[in-house]
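> predicted coordinates and the sequence they were generated for:
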Amino acid sequence: MASGREEGVAVNGHPLLEARQVSVRFDGLVAVDAVSAAFAAGELVGIIGPNGAGKTTFFNALSGLQQPTGGELHAMGRRLTGARAHRYAGLGIARTFQTPRIFGGLSVAANIAFGLHFAGRRRAGAWLLKDEHSILNVIGLAELEDLPAAAITPSQQRLLEIGMALATRPRLLLLDEVAAGLTEAEIDSMAQLIRRLRDELDLTVIWIEHAVTTLLKYVERVIVLHQGRKIADGTPAEVVRNAEVIEAYLGDELAQAT
Amino acid sequence: MRVSRSDPWPQRLRERLTGWLLDTRGMGRDLWVLFALTGWALAVPHYGSEFAVSMALSCLMYVALSTSWTLFCGSTRYLSLATSAFFGIGAYAGALTLEQLDWFGVVALGAGCAAAVAVVMGSAVLHLRGTYFAVLTFGMTELIRHAVTYWEKKVTGTVGRVLTAVPERDTVYLTVAGLALAALAVSLVARRTRFGLALQGIGADEQRAMTLGVNTRLVKVLGFALTAAFAGAVGAAMSVRWTYIDPATVFNPFIGFQTVLIALIGGVATLWGPAIAAIVFSLLAETLRLQAPQAYLMALGLLLILCVLFLPGGLASMRWARLRQWRDDLRGWWRERDDKARRAARRARQARYGVGP
């Protein structure tokens, strides 16, 4: 997809989000081991890795839900280490969860409105999606707006999660396995949606997925985590040729895919 | 919804008054009920007997306590048992300053002290959830009660305090009525603001609310302090009714338990449920206390069990549809029982005569 954008634009000379040697330790278990990565505005980055590689823990650290035990996080040049999750949301870092965490008792529209009332108040004027209706239209749930969120299907709940994240009017969107459990066709339309959001809303997207072959088709850059460490960072074409990656994780699956 | 200058003035006025609220659905009804309740509360001292006024006072006290408890604990699902601590702190703060301050100052001080303690207590325990939070708030209440008892005995060498400069009956009544109505009004409005939405989000999924930009720690401490301020003010106002107070009376854990039970039975997700339950139970308590003090506690316990089993949303979630469903269920069960009996009779007849009917 030719978006015509200049890739890798920095905000005021700083990357949008930068992790420097971030580590997360749980009583001797090192879930994330000194991972450094920078994400520039407008990038669509995938993070892959086998089960237990530390992908979700890394995401929790990037969104403020998990305090890193080592290293630093910077957003647009500001030091964020030690800040709590609502500060991250306020700076425009939004996320979804692996299992949708929606407010089941509220209506679909109210779930979206929630973010607009809190983190989303910040950029109220300068954002393309004005209100909950425009967000519902983008994610394609406009017809369900009055239903209780608990009553919609799991794949619709995944879309709603993305809508809730969009309601915070983010700069950076962290997607945690949004394609898990979807059919091939649904994954494809999900990927289309994500690219569209990135292009039209000037978002940076970091997308974790367990299903590697799916992810490699859609992202421009891939970071590979293995046992908490970053073992590769590059374009999909580079990563699939990386000997360490092949040995650690991809093996035959990738050879078939390319 | 923005209103321009060309719109008719009622619309502009409404926008000016309620534009900052998130949701105004059902607000007119709530305001009318509040208005009616205000009229009733103000009228009681004029026609009621001494007994009626004391009964109304007890009703209003529990309306204030359980409504303000529900405002924070109901929406965030933090089960606080600290109400009696805040009540007692308010009562003591009021009792100690009754001769120095005017009446308004006494009540405000009671509210302020309780809120200050709630901020400290809340910062310490509001990161805990469920049973841990409930047990710790109860433990802290006991700690405060014993600390005050110790202070009475060792430092001032007394057991309790006799309150001399007590205000008139009607002053106390109107203060407590004002607090009850204020608690209802604050809940009515707060439910429709960002603050209320934040509390609701914390109750549903605290981490999710954080990632959507809610400063959960701040909101929780503020909400807890608000609840405590009402309990403290009620404590300060009610203590003068007793003319003699000691830690065992004003820190009585039963005040906290009863507040929680009333709120649970009334329905913690609703505005009017706890208020209605407070009135019902205070009336029940006052009438039963003289004849059968145990019966009241048993009734409270029984109703709690029934509510938890059959009406998890509390009495306020009771609707005609639910009553009708219960009736239909009962009728269905009865009919089935009837059918069974008829079939059994037919089988018996067939066995005896060897022919069908």
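Alright, I've got the coordinates.
> and the longest helix for the chain?
No chain specified, so I'll use chain A. Determined from DSSP state H, the single longest helix within chain A is helix A:184-201.
> look at chain B instead
helix B:320-353.
> quick one on the thing from earlier: the next helix or strand after the longest helix of chain A pairs with which strands, parallel or anti?
Counting by DSSP states H and E, the element after helix A:184-201 in chain order, helix or strand, is strand A:204-208. Partners of strand A:204-208 in the sheet, by DSSP bridges, are strand A:44-48 (parallel), strand A:172-176 (parallel).
> tell me where the stretch 1-150 of chain B has helices.
Secondary structure of the stretch 1-150 of chain B (DSSP state H, counting those that start in this stretch): helices at B:9-18, B:27-47, B:50-69, B:75-76, B:83-97, B:103-125, B:130-150.
> now do chain A
Counting by DSSP H, the helices of chain A are A:55-62, A:85-90, A:108-117, A:132-139, A:154-166, A:184-201, A:212-218, A:236-241, A:243-245, A:251-257.
> mind listing residues that contact the fifth one?
Applying C-beta atoms under 8 Å, 6 or more residues apart in numbering or on different chains, the contact partners of helix A:154-166 are A:94-97, A:100-102, A:108, A:111-112, A:114-115, A:129, A:135-136, A:138-141, A:144, A:149, A:152, A:173-175, A:178, A:181-182, A:186, A:190, A:193, A:197, A:201, B:212. C-betas here are computed from N, CA, C, even on glycine.
> up against chain B, what does the stretch 151-258 of chain A have?
Applying C-beta under 8 Å from any C-beta of the partner chain, one finds that the stretch 151-258 of chain A approaches chain B through A:Met164, A:Ala167, A:Thr168.
> run the last query once more with 7 Å
Contact residues, the stretch 151-258 of chain A versus chain B (C-beta under 7 Å from any C-beta of the partner chain): A:Met164, A:Thr168.
> show me where pLDDT drops low in the stretch 151-258 of chain A?
Within the stretch 151-258 of chain A, the segments meeting pLDDT under 70 span A:249-258.
> just the closest residue of it to chain B, please.
A:Thr168 (5.7 Å; C-beta to the nearest C-beta).
> would you list the phi and psi of that residue?
phi -80, psi 10 (degrees, to the nearest 10).
> so it sits against A:Arg121, correct?
No. A:Thr168 lies out of contact with A:Arg121 (C-beta atoms under 7 Å); the separation is 9.3 Å.
> any weak-confidence spans in the stretch 1-150 of chain A?
Within the stretch 1-150 of chain A, the segments meeting pLDDT under 70 span A:1-12, A:124-126.
> kindly give a single ChimeraX line that selects the buried subset of the contacts of helix A:154-166.
The buried subset of the contacts of helix A:154-166, as determined by 16 or more other C-beta atoms under 10 Å in any protein chain shown, is captured in ChimeraX by this line:
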select /A:94,95,96,97,100,101,102,108,111,112,114,115,129,135,136,138,139,141,144,149,152,173,174,175,178,182,190,193,197,201 /B:212
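> buried residues in the longest helix of chain A?
Result for helix A:184-201 [16+ other C-beta under 10 Å]: buried residues A:Ile187, A:Met190, A:Ala191, A:Leu193, A:Ile194, A:Arg195, A:Leu197, A:Arg198, A:Asp199, A:Leu201.
> ok, now stretch B:163-176?
B:Leu163, B:Val172, B:Tyr173, B:Leu174, B:Thr175, B:Val176.
> include secondary structure, distance to B:Ala225 and pLDDT when you put those residues into CSV, please.
Putting the buried residues of stretch B:163-176 into CSV (DSSP: H, G, I helix; E, B strand; the rest coil; distance: C-beta to C-beta, whole Å; pLDDT from 0 to 100) gives the following:
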residue, secondary structure, distance to B:Ala225, pLDDT
B:Leu163, coil, 26, 85
B:Val172, helix, 24, 93
B:Tyr173, helix, 26, 94
B:Leu174, helix, 25, 94
B:Thr175, helix, 20, 95
B:Val176, helix, 20, 96
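> ok, so of those residues, who is nearest B:Leu13?
Nearest to B:Leu13 among these is B:Leu174, at 30.2 Å by C-beta to C-beta.
> please identify which of the buried residues of stretch B:163-176 is nearest to A:Ile48.
Closest approach between these and A:Ile48, by C-beta to C-beta: B:Val176, at 63.8 Å.
> residues contacting that closest one?
B:Leu57, B:Leu60, B:Met61, B:Ala64, B:Val234, B:Ala237, B:Met238 (C-beta atoms under 7 Å, 6 or more residues apart in numbering or on different chains).
> okay, now the closest residue to chain B within chain A: neighbour count?
As assessed by C-beta to the nearest C-beta, chain B sits closest to A:Ala119 within chain A, at 2.6 Å. When neighbours are counted by other C-beta atoms under 10 Å in any protein chain shown, A:Ala119 registers 29.
> wait, what's in contact with it?
A:Ala119 touches A:Ala89, A:Gly90, A:Thr168, B:Leu212, B:Gly213, counting by C-beta under 7 Å, 6+ apart.
> pull the most distant pair out of these.
Greatest spacing in the contacts of A:Ala119, by C-beta to C-beta: A:Gly90 and B:Leu212 (10.2 Å).
> can you tell me the centre-most residue of the chain?
Defaulting to chain A. The centroid of chain A falls nearest to A:Leu174 when counting by C-alpha atoms, centre = their mean (1.8 Å).
> hm, I was asking about chain B
Short answer for chain B (C-alpha atoms, centre = their mean): B:Ser66, at 1.2 Å.
> that residue - nearest residue in space that isn't next to it in sequence?
Take B:Ser66 and drop its neighbours on the chain: the residue closest to it by C-beta to C-beta, 6 or more residues apart in numbering or on different chains is B:Pro274, 4.0 Å away.
> re earlier: format the helices of the stretch 1-150 of chain B as JSON lines; extra columns: mean pLDDT and distance to A:Thr235.
Shown next, in JSON lines, are the helices of the stretch 1-150 of chain B (pLDDT from 0 to 100; distance: least, C-beta to C-beta, whole Å):
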{"stretch": "helix B:9-18", "mean pLDDT": "80", "distance to A:Thr235": "54"}
{"stretch": "helix B:27-47", "mean pLDDT": "91", "distance to A:Thr235": "56"}
{"stretch": "helix B:50-69", "mean pLDDT": "93", "distance to A:Thr235": "58"}
{"stretch": "helix B:75-76", "mean pLDDT": "92", "distance to A:Thr235": "47"}
{"stretch": "helix B:83-97", "mean pLDDT": "94", "distance to A:Thr235": "61"}
{"stretch": "helix B:103-125", "mean pLDDT": "96", "distance to A:Thr235": "49"}
{"stretch": "helix B:130-150", "mean pLDDT": "93", "distance to A:Thr235": "48"}
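> right, and those - which one's nearest A:Arg241?
Once C-beta to C-beta is applied to the helices of the stretch 1-150 of chain B, the stretch that comes out nearest is helix B:130-150, at 51.2 Å.
> could I get the contacting residues of residue 171?
No chain specified, so I'll use chain A. When contacts are counted by C-beta under 7 Å, 6+ apart, A:Arg171 touches A:Leu16, A:Gly92, A:Leu203, A:Thr204.
> hmm, no, I was thinking of chain B.
Applying C-beta under 7 Å, 6+ apart, the residues contacting B:Thr171 are B:Trp103.
> try the one 4 residues further on
Residues counted as contacts of B:Thr175 (C-beta under 7 Å, 6+ apart) are B:Val107, B:Ala237.
> that one and B:Val53: what is the separation?
13 Å (C-beta to C-beta, to the nearest Å).
> same question for B:Phe251.
Taking C-beta to C-beta, one finds B:Phe251 at 26 Å from B:Val53.
> who has more neighbours out of those two?
Legend: neighbour count by other C-beta under 10 Å for B:Phe251 and B:Val53, higher for B:Phe251 (27 against 18).
> surely that one touches B:Gly88?
Yes. Between B:Phe251 and B:Gly88 there is a contact at 3.7 Å, judged by C-beta under 7 Å.
> fine by me, we can end here.
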